[in-house]
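give me coordinates for this.
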Amino acid sequence: MTTNATSDTFSNHPYTVTGSGTHHKMACPDCTNTLHTHPGTTRSRRTCRGCKTKWLILGNLDAGEPCTMRRLHGASTQVVERTVTTGDTDEAAVRSIVLEAMKEIVPAIKSKVEANAEAGRAYTDEAVASVAPIVRKLIAPVSKTVEITGDRHYCYDELMETITALNLAFLVGPAGSGKTTLCEQVAKDLEMDFGFLSCTEGLSEAHILGRMDINGNYIPSDFVRIFEGGGVFLFDEIDAMDSNVAIVLNEALANGNLSVPNRPDAPIAKKHPETIIIAAANTFGTGASAVYVGRNQLDGATLDRFSAAQIAVNYDHDREAALAAGYGISSLVKKIWAIRENALQAKVRRPVSTRWVVNGGKLHAGNPEKWNDKALLAKLMCAWTEQERAKVLTGELSGLA
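Got it, this is the predicted structure:
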């Protein structure tokens, strides 16, 4: 492979395939800490545990195609190319064509990035997509290959890996961080039925297990239907559910059996092999916090069912930046990030979520002259106290107070 003369490009970087294609290993260009990718993945995001740099890894490593690593968060953008040699002549011919096309595309990308880093990042995605469509091989619960169009939350790959191995997951993150959207995207990409239940302390067992009408006929719940027929089911805000009611799920989560007492003809429901159960919460099920005061402590036995299935979901800056660009509020999203960080440091008990970007963007799109950055932030923070506003609107934000 020809070495690019720029300091942002690396050739012949160490790369190995371990254990019969179990996963791929490569060194982080910043600190040489080992990064891992799984087979069948052509687009994945990885965070280096050493230097905390986030990388976007593109390329079908299983087929021996060049692998490109692009920095998502860091001082600059680095491109790392690696090649795995295969004996398939057709693949080699296709790879040769792709590399020739990239010789023309890469200089244009580099020029764009140098002129405008933010615009250059979007241009890079467009250029890579024009060379090879983004395809993920989704291995479980059913083996299939589906084409993924558009971007995904940075936790998407971890969620897919978790449900591949366990058929369940527990998403924990602040309000508006994308947990529900993640579940909907997984169901859509897997072409599976999707159902959900918004949990509250007043939720009864009948909402989960189904009920019997006045004539003695059993009326199944959405959960029972998907549990037996296959699909993705989300227990949203599960940490708001009464812990005693949540216990009815324990056997279903652990052993695939669900007691349905209101259905005497078939009192035991059997889990379909293509059923995925996901729970989403604002806490780890250990009780209320200073911000999420309406949360309950879940029973330890219920939480144990989600061992190794918990995924910490936070706000995705890349997705927020893309949303803001679509609404024409790129300057506002940077202020929102600063407010979020200041609120965290000052321990202000207010969520500053992705909904600020979405809802603020919709207002701006309807009347750009009226809803400028200052007007939008005033509306988004109208319920904040003066003391709270003073704590977060500091430095370059002080003019918005």
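
need the contact partners of the helix or strand hosting residue 325.
Assigned by DSSP states H and E, residue 325 falls within helix 317-327. Residues outside helix 317-327 that contact it (C-beta atoms under 8 Å, 6 or more residues apart in numbering) are 72-73, 118, 122, 151, 153-154, 178, 330, 332-333, 336-337, 354, 357-358, 360-362, 364-365. C-betas here are computed from N, CA, C, even on glycine.

how about a cut-off of 7 Å?
72, 151, 153-154, 330, 332-333, 337, 354, 357-358, 361, 364-365 (C-beta atoms under 7 Å, 6 or more residues apart in numbering).

now stretch 349-356
Contacts of stretch 349-356 (C-beta under 7 Å, 6+ apart): 174-178, 290-291, 315, 320, 336, 339-340, 343, 380, 384, 388.

follow-up on the earlier one: tell me what angle the next helix or strand after the helix holding residue 325 forms with helix 317-327.
Proceeding N to C from helix 317-327, the next assigned helix or strand is helix 330-345, under DSSP H and E. The directions of helix 330-345 and helix 317-327 differ by 140 degrees, with axes from the mean of the first three to the mean of the last three C-alpha atoms, to 10 degrees as the criterion.

quick one, domains of the chain?
Domain assignment of the chain by automatic domain parsing yields the ranges 9-133, 144-312, 317-400.

worst average pLDDT in those domains?
Across the domains of the chain, domain 9-133 has the smallest mean pLDDT, namely a mean of 61.

any idea how far apart the tips of stretch 207-214 sit?
Terminal residues of stretch 207-214 lie 16 Å apart, using C-alpha to C-alpha, to the nearest Å.

chain center to that stretch, what's the gap?
34 Å (C-alpha atoms, centre = their mean, to the nearest Å).

show residues contacting it.
Here stretch 207-214 makes contact (C-beta under 7 Å, 6+ apart) with 197, 218-221, 223-224, 248, 260, 262-263.

save the domains of the chain as CSV, and put in mean neighbour count too.
As requested, the domains of the chain are exported to CSV (neighbours: other C-beta atoms under 10 Å):
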stretch, mean neighbour count
domain 9-133, 15
domain 144-312, 18
domain 317-400, 16
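
enumerate every residue touching residue 99.
Per C-beta under 7 Å, 6+ apart, neighbours of residue 99: residue 66.

state the distance from it to residue 55.
Distance, residue 99 to residue 55, using C-beta to C-beta, to the nearest Å: 21 Å.

now, among the contacts of stretch 207-214, which is nearest to residue 272?
Distance to residue 272 across these (C-beta to C-beta) is lowest for residue 224, with 11.0 Å.

which residues touch residue 388?
348, 350.

any idea whether it is helix, strand or coil?
Following DSSP: H, G, I helix; E, B strand; the rest coil, the label given to residue 388 is helix.

ok, which stretches of the stretch 251-400 of the chain are strands?
257-259, 268-270, 275-281, 310-312 (DSSP state E, counting those that start in this stretch).

so which of those comes closest to residue 187?
strand 275-281 (8.1 Å).

phi, psi of residue 68?
phi -110, psi 130 (degrees, to the nearest 10).

bridged to the residue lying closest to it once chain neighbours are set aside, which residues?
Leaving aside its sequence neighbours, residue 68 sits nearest to residue 58 (C-beta to C-beta, 6 or more residues apart in numbering; 4.6 Å). Here residue 58 sits in beta bridges with residue 43, residue 68, going by DSSP bridges.

TSV for the contacts of helix 317-327, including distance to residue 29?
Below are the contacts of helix 317-327 laid out as TSV (distance: C-beta to C-beta, whole Å):
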residue	distance to residue 29
72	13
151	23
153	24
154	19
330	28
332	33
333	28
337	25
354	30
357	31
358	34
361	34
364	38
365	39
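
quick check: of those residues, which lies closest to residue 279?
residue 153 (16.9 Å).

regarding the closest one, what is its secondary structure?
Residue 153 ends up coil, using three-state DSSP.

contacts only, for it.
178, 181-182, 316, 319.

let's see 8 Å
Per C-beta under 8 Å, 6+ apart, neighbours of residue 153: 178, 181-182, 185, 313, 316, 319.

in helices, which of the residues you listed appear?
181-182, 185, 319 (DSSP state H).

hmm, back to that, just send the contacts of stretch 207-214 back as TSV, with distance to residue 164 too.
Shown next, in TSV, are the contacts of stretch 207-214 (distance: C-beta to C-beta, whole Å):
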residue	distance to residue 164
197	24
218	33
219	33
220	28
221	26
223	22
224	24
248	26
260	28
262	33
263	31
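
among the residues you listed, which are in strands?
Members of the contacts of stretch 207-214 lying in strands (criterion: DSSP state E): 197, 218-219.

and which of the residues you listed is nearest to residue 276?
Looking across these and measuring by C-beta to C-beta, the closest to residue 276 is residue 197, at 14.5 Å.

nice, that's everything, thank you.
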